[in-house]
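Engineer: sequence first, predicted coordinates after that:
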Amino acid sequence: MLRGKVINDFTKEPVSFASVYWKKAGSGVTTDSAGNFLLKFSHHPLDTLVVSYVGFADVYKPIRNNGSDTAFIEMVLRDLKKTNTVEVKSKFNKGLRWWKLIVANKYRNNPYKYNNYAYELYNKMELDINNVSRRYFTDKKLLKPFAFLLDNIDSVSDHKPFLPVYMTEALSDYYYSIDPRKVREEIKAAKTDGLKNESMLQFIGGMNQKVNVYENFTNAMGKEFISPLSDVGDKYYNYKGADTQYIGGQRYLHLLFTPKRDGENTFSGDCWIHGSNWGIYRIELNISATANINYVNRLSIVQEFSLRPDSAWMFAKDKTVIDFTPFGKEKLSFIARRTSTYKNVRVNDSSILAKLNMNASKEEVIVSETARDKDKQFWEEQRHEELTANEKKVYKMMDTIKTIPAFIKYTNTLTFIFDGHKKFGNVEIGPWYKWVSGNQLEKFRMRFDLGTTEKFSKYLRLHGYLAYGFNDARFKGRLDVTYRLPGDQGITLFTSYTHDLDNGRTRYNDEDITTDNIFSQLIRRPGIPQKFLGVEEAKIAVTKEWKTKFSIQPFFTRTAYETFNPLPATRTLLSHPAQDQIVSSELGMRLRYAPGERTFSRHRKEVKLKSNQPVFEVRGAWSVQNLFKSDYQYFRLGANITQTARIPRWGKLNYMVYGGKIFTGESLPFMLLEMHPGNEIYYYNKQSFNLMNRFEYVSDKFAGVNIEHNLEKKFLNLLPFMRKSNMRQFWNFKAVWGDLSDMSRALNRIEYYNEYRLRSLRGGIYSEIGTGFENIFKLLRIDLVWRNAPLRNIPPGLNPNLFKSNTNDFGIFGSVRLQF
């Protein structure tokens, strides 16, 4: 007898109910639910074993009957069939009828129908290098130090061998309720060799990573896909009913589905349906070849469900496999595999609600202090499935590779190039791209940064830089200190002193990309003089963030300003007796609420990953006259709401609504007013008005909106020749209404003389509307922007040419967007 197993080479999952037969003898069997088969040897001395399964090209294996009683063989289904459509030749389409019955019974079969549920979740993630050739390690000098990795190359898939290089495991208790919607995950064990950042542990669990095939739309790699089980699935898919099998005495139907059209985000694949209640037993989804995802050659999602004693379905296993191809198909690529299994499932249990009531926010991930400390014996007993031979090799290899000098050297070099910083134990230098730059005021500028690393302290960071301008012969610099209190208190202390040019930075934003970098002068728009403010600022801030993602930040700033040509001279902006400089001292408060947001803490800064819920922010600041020699008395109030959300079948929408007002009884110089953000380079800025110059418009009361709607390929797919294109389309709209008091207008010489001069919107609306294409060559974005500025009131008797704007009403901008 010939024993064997059929597996999917991409997902490494067994293939159930595949046909296995002898080509000459004609006899055959089907694999069981675990992919195994048992077949009598052919009566021919030499025969060919054929494995056939829908969606895959047949696999042939010549086998000689040598008279042995038993033998074992593993057959690998590797290549997808080239055809991408399911042909339905009969007038009656039983596949379409099965789909309708699935949709009609979705509510009772959807595992998410329960008010609450809980389970033990085991997650395993593996990263492999695919298409590995031995000559990479023998012919290329850079890779010769890693030749020992050849011993770990997978020996099963000799056609396209892969090299497992990284793996993590996590075991957690997961709790969920629908109304109110709450999620809680308690990670009780984590095996994360090589993963040093503690905040990354929250991302290796199961939060926000489930795909529900019963929903009409599902997300994969940040893109919206139409589920084959969608209520409108027949508009996007062809369905075909295939064979019927019996599993454990239960009848299951095999349904195939393929996309109707190229260029749409759809899947091809198959599913097994329970013959009585029309629930899904197993489903496999493969993205269509023309789906609009960058750098992904293949993506496969496999979900298995188990039938509970009450005839309800619950998830049993999920597996997602993604083939990343940054260098092109058939070249070196990376395969990420994620497996999730579920045990001890409980539903509609009061103890689940008790756990969820412990949450401080709607979604919470709790990492046990001992999660990293579990030994080998613990994992052997507790993991839901045994590691494969290749997976066991990964841990051993990871320990070895980190000690190789060449690996340390290469990782440090790549980090320096892309991150910009170079570490030397307790300190680091960089970023390198700010070491030299130029502008019309300083001509040639040099800057050197020095900061501490996590080796110095996990909680305290010291940073500073010294800069020198060769034309103005002035030293500039900055010193800042950040301290995060240990534990999960969410308290951060910050203080800084800056004596430098503003370098294009917007007030209140220390994370803006500044103009003092080596690239800024290369893409400036011609004919627009560069403008600078000199800033001497001291700042103190304390931030407290609760687990609800509500944060409060009291702060104090004292800022002295200096203007440089062509901006108005400082002396012309003084409004008080005996005043010789412009100084403002502000006591302020910033409130922020970002529900669902998750934070990835790095030593230098925190990266905030927003959810699809709105983010609210309010900021108020009081300037107190004579406080640390402050010259002004006013109250500034501003607020904004931002959100990124998907519109089913219509792409992604980003918006920001904002407004503010400055309450004062005196005239204020322009740098204390709201300076509407302009852009003077050809690189598109999403937060600025790209055809507005810096300092062109100022207001003391304002309201605005920014909207961008990424249509992806919604309209481009209407053009047959664009369906296989990677380009995506978008449109955007920005508008701001503003006004300025007569006193401040007079002080700032509003609307006089040269083009750069400050203007008021005078109760009018400035707007920009744009459209364009992104994902050009999977990287570039082109924006076409039109400007509509309010008409200017020209004083009688003055030459209109003095007020003529040299800012074009149309512009073309470019940018780089790295995205999937």
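Structural biologist: Happy to help now that I have it.
Engineer: doesn't I102 lie inside a strand?
Structural biologist: No - I102 is assigned helix when assessed by DSSP: H, G, I helix; E, B strand; the rest coil, not a strand.
Engineer: now it: closest residue in space that isn't a chain neighbour?
Structural biologist: W278 (5.3 Å; Cβ to Cβ, 6 or more residues apart in numbering). Placement of C-beta: from N, CA and C, glycine included.
Engineer: how about W379?
Structural biologist: Computed as Cβ to Cβ, 6+ apart, the closest residue to W379 that is not its neighbour in sequence is K191, at 6.3 Å.
Engineer: now swap in L609 and tell me
Structural biologist: Distances taken as Cβ to Cβ, 6+ apart place R598 nearest to L609, at 4.7 Å, with adjacent residues excluded.
Engineer: I'd say that neighbour and V607 touch.
Structural biologist: No - contact between R598 and V607 fails when scored by Cβ atoms under 8 Å: they sit 9.4 Å apart.
Engineer: hmm, back to that, give the full set of residues in contact with the residue nearest to I102.
Structural biologist: 98, 101-102, 104-105, 109 (Cβ atoms under 8 Å, 6 or more residues apart in numbering).
Engineer: same deal with L668?
Structural biologist: 632, 634, 662, 700, 744, 747.
Engineer: pick out whichever of R598 and V607 has more residues nearby.
Structural biologist: The residue with more neighbours, out of R598 and V607, is R598; 18 against 11, by other Cβ atoms under 10 Å.
Engineer: in a helix, G704, correct?
Structural biologist: No - residue state for G704 (three-state DSSP) corresponds to strand; a helix is not indicated.
Engineer: i'd like the first residue to be 38 from this point on
Structural biologist: Noted, 38 is the first residue going forward, which turns the last one into G741.
Engineer: how close does it sit to V96?
Structural biologist: Distance from G741 to V96, counting by Cβ to Cβ, to the nearest Å: 61 Å.
Engineer: more neighbours: these two, which one.
Structural biologist: G741 (22 against 19).
Engineer: and that one, what does it touch?
Structural biologist: Here G741 is in contact with 694-696, 771-774 (criterion: Cβ under 8 Å, 6+ apart).
Engineer: show me what it bridges to in the sheet.
Structural biologist: Y695, V773 (DSSP bridges).
Engineer: how about D307?
Structural biologist: Applying DSSP bridges, one finds that D307 bridges with L293, E321.
Engineer: thought it was touching T295?
Structural biologist: No - D307 is beyond contact range of T295, at 9.7 Å (criterion: Cβ under 8 Å).
Engineer: residue contacts, the nearest residue to E252 once chain neighbours are set aside?
Structural biologist: Leaving aside its sequence neighbours, E252 sits nearest to S264 (Cβ to Cβ, 6+ apart; 6.0 Å). Contact partners of S264, counting by Cβ under 8 Å, 6+ apart, are 250-255, 270, 304.
Engineer: from N256, how far out is S264?
Structural biologist: 11 Å.
Engineer: now R511
Structural biologist: Here the criterion is Cβ to Cβ. By it, R511 lies 52 Å from N256.
Engineer: so what pLDDT did I589 get?
Structural biologist: pLDDT recorded at I589 is 97.
Engineer: no wait, N691
Structural biologist: Here the pLDDT value assigned to N691 is 94.
Engineer: still on that earlier bit, may I ask which of the contacts of S264 has the most neighbours?
Structural biologist: F304 (26 neighbours).
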